[in-house]
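>>> predicted model and sequence follow; I will ask about them next.
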Amino acid sequence: MKVGAWQTYQSEFGRAAATGDPTGLLLADHNWIRTVFEELTLRMTADQSTIRELLPGLKHMAELLDTHIRQEEDVYFPAVRPPVSDRARTWIAAAFPEHEVVRMTEDDFLEAIERRRDLGTDFRSFHSALVQHLDNEEEFIFPEVAANLAEDAARSLAAGMLKLSGPAVEHSQ
């Protein structure tokens, strides 16, 4: 089961992969994750018990989010750090602890679903941590990367990021 606007995600991700746009790959993930939270918010408002139905899709989202974080930490950030400003480098450094908070709040949220606990606090914590992180990257890091990363370096970076996707993460299905 796929959650969020999966077909739109596939299209955006495919475009970014085809053009060798590493920031586009990350933005495709960001845009899709935002649609997952739109869907979750609607269900939380209507009847949070229906969120359990989404658990397989949310576990798939967790796999993709883990891959996204590995792509950023292992490939993207090290490659884009040199050409960006000191301010953007500070935001890159801040992304690492933000990732830890996202992972922790995601685990708490998924555990709450599995154990049939009230989801309110865990959902709000996960949503808040993730959206704040996405906003920080989109405002303070990505624009500088787009302005300062050479086209050939961008294509090479995108290829390196795609290698981390692996067969467990199904971007094309």
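Structure received. These numbers come from a predicted model, not from an experiment.
>>> longest single helix anywhere in this protein?
helix 86-114 (DSSP state H).
>>> what residues of that helix count as buried?
88-89, 91-92, 95, 98-99, 101-103, 105-106, 108-110, 112-113 (16 or more other CB atoms under 10 Å). (C-beta placed from N, C-alpha, C; glycine too.)
>>> what about dumping the CA coordinates of stretch 5-13 to PDB?
Listed next in PDB are the C-alpha coordinates belonging to stretch 5-13 (Å, rounded to 0.1, in the frame of the first residue of the first chain):
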ATOM      1  CA  ALA A   5       0.600  11.200  -3.700                       C
ATOM      2  CA  TRP A   6       2.700   8.300  -4.900                       C
ATOM      3  CA  GLN A   7       2.200   8.700  -8.600                       C
ATOM      4  CA  THR A   8       3.200  12.400  -8.500                       C
ATOM      5  CA  TYR A   9       6.200  11.400  -6.400                       C
ATOM      6  CA  GLN A  10       7.300   8.800  -9.000                       C
ATOM      7  CA  SER A  11       7.000  11.400 -11.700                       C
ATOM      8  CA  GLU A  12       9.000  14.100  -9.800                       C
ATOM      9  CA  PHE A  13      11.600  11.600  -8.700                       C
END
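>>> can you dump the C-alpha atoms of stretch 113-126 in PDB for me?
Output of stretch 113-126 as PDB, limited to C-alpha atoms (Å, rounded to 0.1, in the frame of the first residue of the first chain):
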ATOM      1  CA  ILE A 113       0.200   2.800  15.800                       C
ATOM      2  CA  GLU A 114       1.300  -0.800  16.300                       C
ATOM      3  CA  ARG A 115       0.400  -0.800  20.000                       C
ATOM      4  CA  ARG A 116      -2.900   1.000  19.400                       C
ATOM      5  CA  ARG A 117      -2.000   3.900  21.600                       C
ATOM      6  CA  ASP A 118      -3.400   7.400  21.300                       C
ATOM      7  CA  LEU A 119      -1.500   8.900  18.400                       C
ATOM      8  CA  GLY A 120      -2.000  12.600  19.100                       C
ATOM      9  CA  THR A 121       1.300  13.500  20.800                       C
ATOM     10  CA  ASP A 122       3.400  11.100  18.700                       C
ATOM     11  CA  PHE A 123       1.900  12.300  15.500                       C
ATOM     12  CA  ARG A 124       2.400  16.000  16.400                       C
ATOM     13  CA  SER A 125       6.000  15.400  17.400                       C
ATOM     14  CA  PHE A 126       6.900  13.500  14.300                       C
END
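>>> since that was my last question, I'll sign off now.
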